[in-house]
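1. Give me a 3D structure for the following:
(4 chains)
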2 protein chains.
Amino acid sequence: MKTLSIKDIAVKAGVSITTVSFIINGKAKEKSISEAVIKKVEEIIKESGYKPNQIARSLRTGNSNIIGLIIEDISNSFFSRIARLIEDKAYKKGYKIIYSSTENDVEKAKDLINMFKSRKVDGYIISPTKGIEEDINALLADNKPVILFDRNLSDVETHYVGADHFKASYQSIESFIKDGKRKIALVTTDIDVEQIVERFDGYKKALIDHQITYSDELVLKIHFNQDETETIAEMKNLFLKKEIDAVLFATNYLAISGLKALKQLNKQIGDDFSVIAYDDHEVFELHTPSISAVQQPLEEIAETVIQLILNQLSSKAKAENQKVIIPAKLIER
Amino acid sequence: MKTLSIKDIAVKAGVSITTVSFIINGKAKEKSISEAVIKKVEEIIKESGYKPNQIARSLRTGNSNIIGLIIEDISNSFFSRIARLIEDKAYKKGYKIIYSSTENDVEKAKDLINMFKSRKVDGYIISPTKGIEEDINALLADNKPVILFDRNLSDVETHYVGADHFKASYQSIESFIKDGKRKIALVTTDIDVEQIVERFDGYKKALIDHQITYSDELVLKIHFNQDETETIAEMKNLFLKKEIDAVLFATNYLAISGLKALKQLNKQIGDDFSVIAYDDHEVFELHTPSISAVQQPLEEIAETVIQLILNQLSSKAKAENQKVIIPAKLIER
DNA sequence: TTGAGATAGTAAAACGTTTTATGTTTTCGG
DNA sequence: CCGAAAACATAAAACGTTTTACTATCTCAA
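-> Numbering: from 1, shown residues only, chains lettered A, B, ... in the order given. Okay, the predicted model is just below:
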């Protein structure tokens, strides 16, 4: 069964292609097409089940009603939840999402941008890796809306939405200190992106502000993408060697690995050993004892992101760049 | 900066558009274009950074190198992991994925199929909801490859990949029985899809085969999409009223809610109260005590799915429909 | 009764490719 | 040195839309 084209509809209705197009695009009134014709055409469209070919449409108009979403890893619950929220909201406005994971690999990220570019996506939502500044700037030069989220790039002048990582981290450490902790460790990753750096800075600053000397020895940087068993081994090492009384994990997957390490060591979390995780996860609520976590307001982030991009898309005029920093909340459990 | 077209390249190289097109598509040899021309054109393409417009390409060729992935909910870790694996494998073969979540809503699912159809995706990977049989059959009639996964539709004749839900469920119950349990509950959902039904049937059959009478009272069907607090309330009810000594949860999110309910009730999991969850989740490994779970072989499912669809895509000939049932594994913890 | 504006509609170009059919030049065996 | 085949290259149609510019008819105020 050959799929229908606008031409088939036109022939069936005995009018021109142009007329059908106007009707489909709601320009019938404006172009003064008679009620009778409108009705007839609409009827034929309905009963024949004709759906415009979006590809042809895109080719002609240069836009696609698709938003490209580039994230680090869809299987990470932080991203998959954000993705779901963004998708939902976009869908309601008639936009579709194409997503892809970069796996924090610059080359793949560049590839993806090219991919999206040649598919003429209307806008980009990106949680960027370091090293794609140029590519993003090229998009901006090309006048495409780009919203960065989760992590900012200082060399890129565009909208950004993210949590206040520095403050959240600072407050977490402060809460440890209030509980009398002094030997506070940080487990983080070695990827060099802004939000990770901020979490680190918050940790450091909080210590110093409270007259605790910062020590490199209490900071464990896990190599990104390394095998989990090795990660766990390194953590065990940290937990055993030092008399640590508290640890902040800079990401949820690190915290999960950390909990596994503790379980293997049979080390109890309790009065003399506290942990806080960055980014909440169901594991933390259900864990015994339950684990405090820094909760990023996903809903709010998604909402802001989508708001910003839709604004951009509707008003061709380039709006003032906005940097929206949303406070994160420490859930004490 | 106007984006380059094939025409610009042709002009710059002093050859025809056709020639450039042949070179881009690797048909240069076959069409006997001279080495010299090939080289020159390739050079110009490289230095100018020209990328073919995929939209135009799609319009002309009728395919897009895009595979549509339709799942229930990307924020569910089962699906997000599968999605990640599928994306990965597809990417390596030069295919992109567009995904969307149905939220188990037939109307949205139909919408999505239409969406994808008008975007000319080359193939579909679908974890279907009930009620879209017709739409899928239409795709098949249109000669588009469709792979169903996770849940099958009996009224649709196409490839299917999924775990052996019946058996996994059966074995879970058997393992309870071996441990001396007799009052075994099932918490499931009320959505009427094959894999949920199979899990239910496995439960029932195992009981009967071991001379335990089946009782409706021990089966709790949670309304899909209902608020979690209500879900938890219903579960508490079940756990309190009856002297249940074991419970099988038919999905991972139900199990997570169940654990929350138990926590609120302060009811311990242990010798006199066992649970098994369907679909593994990090929560279960880290829970104290850790929770047994039925683990679906995600990697294998993703691999099989992608294999099947790529086969379909490369050999225009419609292959024999395959129903691949992959055993699930009960991880006893 | 005229002609200006409103009303109703359409032809054709353009978007950027791929591909078919065709044209020109070169090579080389006899 | 002829002519057929091989080598090299291209023009133009087609994919399915949107949109610009245009034609034709009708209405009604002056």
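2. CA atoms for contacts and neighbours, from now on please.
-> OK.
3. what about the helices in the stretch 101-250 of chain A?
-> Ranges of helices in the stretch 101-250 of chain A, per DSSP state H, counting those that start in this stretch, are A:106-118, A:133-141, A:165-178, A:194-209, A:228-241.
4. Make CSV from those helices and add mean neighbour count to it.
-> Putting the helices of the stretch 101-250 of chain A into CSV (neighbours: other C-alpha atoms under 10 Å in any protein chain shown) gives the following:
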stretch, mean neighbour count
helix A:106-118, 18
helix A:133-141, 15
helix A:165-178, 22
helix A:194-209, 20
helix A:228-241, 16
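5. Residue A:311 is nearest to which of the ones you listed?
-> Set against residue A:311 and scored by C-alpha to C-alpha, the helices of the stretch 101-250 of chain A come closest in helix A:133-141, at 15.4 Å.
6. Save the helices of the stretch 101-250 of chain A as a markdown table, and put in distance to DNA strand C and mean pLDDT too.
-> As requested, the helices of the stretch 101-250 of chain A are exported to a markdown table (distance: least, C-alpha to the nearest atom of the strand, whole Å; pLDDT from 0 to 100):
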| stretch | distance to DNA strand C | mean pLDDT |
| --- | --- | --- |
| helix A:106-118 | 8 | 90 |
| helix A:133-141 | 16 | 93 |
| helix A:165-178 | 42 | 95 |
| helix A:194-209 | 36 | 94 |
| helix A:228-241 | 43 | 93 |
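7. Tell me which of the ones you listed lies nearest to chain B.
-> helix A:106-118 (5.1 Å; C-alpha to the nearest C-alpha).
8. Determine how far the closest one lies from the middle of the whole chain.
-> Mean-position distance between helix A:106-118 and its chain equals 16 Å (C-alpha atoms, centre = their mean, to the nearest Å).
9. Could you check the angle it makes with helix A:133-141?
-> Calculated by axes from the mean of the first three to the mean of the last three C-alpha atoms, to 10 degrees, helix A:106-118 forms an angle of 20 degrees with helix A:133-141.
10. for helix A:106-118, packing partners?
-> Contacts defined by 3 or more C-alpha pairs under 8 Å, 6 or more residues apart in numbering or on different chains; DSSP states H and E place helix A:106-118 against strand A:66-71.
11. Residues contacting stretch A:260-273, please?
-> A:232-233, A:235-236, A:244-247, A:275, A:289, B:286 (C-alpha atoms under 8 Å, 6 or more residues apart in numbering or on different chains).
12. Could you work out the most separated pair of those residues?
-> Spanning the widest gap among the contacts of stretch A:260-273 are A:233 and A:289, at 22.6 Å by C-alpha to C-alpha.
13. can the helices of the stretch 101-250 of chain A go into CSV with extra columns for distance to residue B:69?
-> Shown next, in CSV, are the helices of the stretch 101-250 of chain A (distance: least, C-alpha to C-alpha, whole Å):
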stretch, distance to residue B:69
helix A:106-118, 17
helix A:133-141, 27
helix A:165-178, 34
helix A:194-209, 31
helix A:228-241, 29
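14. Quick one: closest of these to DNA strand D.
-> Closest to DNA strand D of the helices of the stretch 101-250 of chain A, according to C-alpha to the nearest atom of the strand: helix A:106-118, at 15.9 Å.
15. what's the angle between the closest one and strand A:66-71?
-> Using the same axes, to 10 degrees: helix A:106-118 against strand A:66-71 is 170 degrees.
16. now what about helix A:106-118, what contacts it?
-> Contacts of helix A:106-118 (C-alpha under 8 Å, 6+ apart): A:68, A:70, A:100-102, A:129-132, A:135, B:51-55.
17. Tell me the most packed of the residues you listed, by neighbour count.
-> Of those, residue A:100 is surrounded by the most neighbours, 28 neighbours in total, counting by other C-alpha atoms under 10 Å in any protein chain shown.
18. Without its sequence neighbours, what residue ends up closest to residue A:99?
-> The shortest distance from residue A:99 to any non-neighbouring residue, by C-alpha to C-alpha, 6 or more residues apart in numbering or on different chains, is to residue A:69 (4.5 Å).
19. Would you mind telling me which of the helices of the stretch 101-250 of chain A is nearest residue B:240?
-> With C-alpha to C-alpha as the criterion, residue B:240 lies closest to helix A:165-178 of the helices of the stretch 101-250 of chain A, at 37.6 Å.
20. Send me the closest one as CSV with only the CA atoms.
-> Extracted in CSV, the C-alpha atoms of helix A:165-178 (Å, rounded to 0.1, in the frame of the first residue of the first chain):
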residue,chain,number,x,y,z
HIS,A,165,26.7,22.0,43.4
PHE,A,166,29.1,24.0,45.4
LYS,A,167,26.6,25.0,48.1
ALA,A,168,25.1,21.5,48.3
SER,A,169,28.5,20.0,48.8
TYR,A,170,29.5,22.7,51.3
GLN,A,171,26.3,22.1,53.3
SER,A,172,26.8,18.4,53.3
ILE,A,173,30.2,18.8,54.8
GLU,A,174,29.0,21.3,57.3
SER,A,175,26.3,18.9,58.4
PHE,A,176,29.0,16.3,59.0
ILE,A,177,31.0,18.8,61.0
LYS,A,178,28.0,19.8,63.1
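21. what packs against it?
-> Using 3+ C-alpha pairs under 8 Å, 6+ apart: helix A:165-178 touches helix A:194-209, strand A:246-249, strand A:329-331.
22. Quick one: mean pLDDT over the last one.
-> When you say that, I think you mean strand A:329-331. Regarding strand A:329-331, the rounded mean pLDDT is 92.
23. now residue A:308: how far from residue A:158?
-> To residue A:158, residue A:308 is 11 Å away according to C-alpha to C-alpha, to the nearest Å.
24. what residues are shared contacts of the two?
-> Common contact partners of residue A:308 and residue A:158 (C-alpha under 8 Å, 6+ apart): residue A:147.
25. State the pLDDT value of residue A:186.
-> 96.
26. beta partners for it?
-> residue A:219, residue A:248 (DSSP bridges).
27. For it, list the residues it contacts.
-> For residue A:186, the contacting residues are A:200, A:203, A:218-220, A:247-250, by C-alpha under 8 Å, 6+ apart.
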